[in-house]
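Novice: what's the 3D shape of this:
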Amino acid sequence: MPYFSSHPSPSSQPCSAAANRQSPGNAADSNHWRIEDIPFEQIELGSIEHNEDLFYLLMSASFIETGSDTYAANLAEHYSEYPDIAAWLQECWEKEELQHGTALRHYVEAVWPDFPWQQAYDSFFGEYSKLCTVEELHPDRHLEMVARCVVETGTTAYYHTLRELSDEPVLCKLLGHIRNDEVGHYKHFLKYFKELQEHSPVSRTRIAGALYARLKELRESDSDVALRHVFAHRGNYFADSNRNFADIAQRVYQLVSTQLPADLAVRMLLKPLLLPQRLESYLYAPIARFATRVMAP
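Specialist: Modelled structure (predicted):
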């Protein structure tokens, strides 16, 4: 789940079997996109293979998404007292995140076939898995759900931005599907947060604190770990580049942060505060300035 997207199209709705128990085989689930629908054989290599920035961004995303089952298991354990939430996390969220990882791996291996993906991923996961523990989650389940909303805001923005950075048609299609899934995930986490609030509300001050804390962390952890392992295993790809790792990290973060759909991101970030419309409008500008400053390199 790397680092904002329009609303999902009808054909890209998130898995809803666990969220709608009475209709496990509903149309939304059956209409979800499949890896088989992505025409990898039609990739226009000339449009993408020499793009060093997308090489690092896409490889990193494929690593993080592929390792999402560990995170999903931890979240499901964290919400074990809420069976509907735990079931959705395991049956839907994890499934779709892993599909993102598999699809992204197919894509990057088609474009950069000599990259030792499995070896690089194993190296990455050896470090990343140590960061994915239940202890890292917020002990208050309300506020961890707020943190999830921040993360899904970030991933929606990330995939939206990658789609804007690319003109390769197959990649644009794939990233559009992933972006729409992330919007759907955000909506589920927000819905579950509202349900928790109805039963035992926490204050807006605490919600704002959780938003602030998680937003500050967006630029840290996952992406840095993945980037380092891509760089270490890049082999001959972009070997003639004069950029060291620090330069590459600075470049890709700047590229993403300057292209983020800030308006959408800020509106998503404000939703968990459950503010009256007038107050939300009043707070939009200062939150936008803060979010832009935090996301900038």
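Novice: State the distance from the closest residue in space to Arg105 that isn't next to it in sequence to His233.
Specialist: Residue nearest to Arg105 in three dimensions, not counting chain neighbours: Ser62, with 4.8 Å by CB to CB, 6 or more residues apart in numbering. The C-beta positions use only the backbone N, C-alpha and C, and glycine is treated the same way. Separation of Ser62 from His233 (CB to CB, to the nearest Å) stands at 13 Å.
Novice: Which one's more surrounded, the two?
Specialist: Each of Ser62 and His233 has its neighbours counted (other CB atoms under 10 Å); Ser62 has more, 27 against 17.
Novice: wait, doesn't that one sit right on Val108?
Specialist: Yes: taking CB atoms under 8 Å as the definition, Ser62 is a contact partner of Val108 at 5.5 Å.
Novice: In three-state terms, how would the residue at the greatest distance from the centre of the chain be classified?
Specialist: What lies farthest from the middle of the chain is Asp240; by CA atoms, centre = their mean that is 30.8 Å. Counting by DSSP: H, G, I helix; E, B strand; the rest coil, the backbone at Asp240 sits in coil.
Novice: What score does it have for pLDDT?
Specialist: In this model, Asp240 is scored at 85, pLDDT.
Novice: same deal with the one 3 residues further on?
Specialist: At Arg243, the model reports a pLDDT of 87.
Novice: buried set for stretch 158-171?
Specialist: 158-163, 165-166, 168, 170-171 (16 or more other CB atoms under 10 Å).
Novice: scratch that, stretch 60-74
Specialist: 60-69, 71-72, 74.
Novice: Restricted to helices, list those.
Specialist: Residues from the buried residues of stretch 60-74 lying in helices, with DSSP state H as the criterion: 60-66, 68-69, 71-72, 74.
Novice: where does the stretch 101-250 of the chain have low pLDDT?
Specialist: Counting by pLDDT under 70, the stretch 101-250 of the chain contains low-confidence ranges at 218-222.
Novice: How are the helices of it distributed by residue range?
Specialist: With DSSP state H, counting those that start in this stretch as the criterion, the stretch 101-250 of the chain has helices at 117-128, 141-165, 169-199, 204-217, 222-232, 245-259.
Novice: Kindly compare burial across these and name the winner.
Specialist: When the helices of the stretch 101-250 of the chain are scored by mean count of other CB atoms under 10 Å, the highest mean neighbour count falls to helix 141-165 (a mean of 24).
Novice: roughly how far is it from the heart of the chain?
Specialist: 5 Å (CA atoms, centre = their mean, to the nearest Å).
Novice: likewise stretch 224-231?
Specialist: The answer for stretch 224-231 is 16 Å, by CA atoms, centre = their mean.
Novice: Pull the residues that contact it.
Specialist: Outside stretch 224-231, the residues within contact range by CB atoms under 8 Å, 6 or more residues apart in numbering are 2, 55-56, 59-61, 63-64, 120-121, 123-124, 127-128, 131, 245, 248-249, 252.
Novice: for Asp167, phi and psi?
Specialist: When read as degrees, to the nearest 10, the backbone of Asp167 gives phi -120, psi 10.
Novice: That one: what's it in contact with?
Specialist: Asp167 neighbours (CB under 8 Å, 6+ apart): Ser47.
Novice: likewise the one 3 residues further on?
Specialist: Applying CB under 8 Å, 6+ apart, one finds that Val170 lies in contact with 38-40, 42-44, 107.
Novice: and if you look at Thr66?
Specialist: Applying CB under 8 Å, 6+ apart, the residues near Thr66 are 98, 101-102, 104-105, 121.
Novice: from those residues, which would you call buried?
Specialist: 98, 101, 104-105, 121.
Novice: closest to Glu217 among those residues?
Specialist: Gly101 (21.3 Å; CB to CB).
Novice: The residue nearest to Arg105 and Thr133: what is the separation?
Specialist: Distance from Ser62 to Thr133, by CB to CB: 23 Å.
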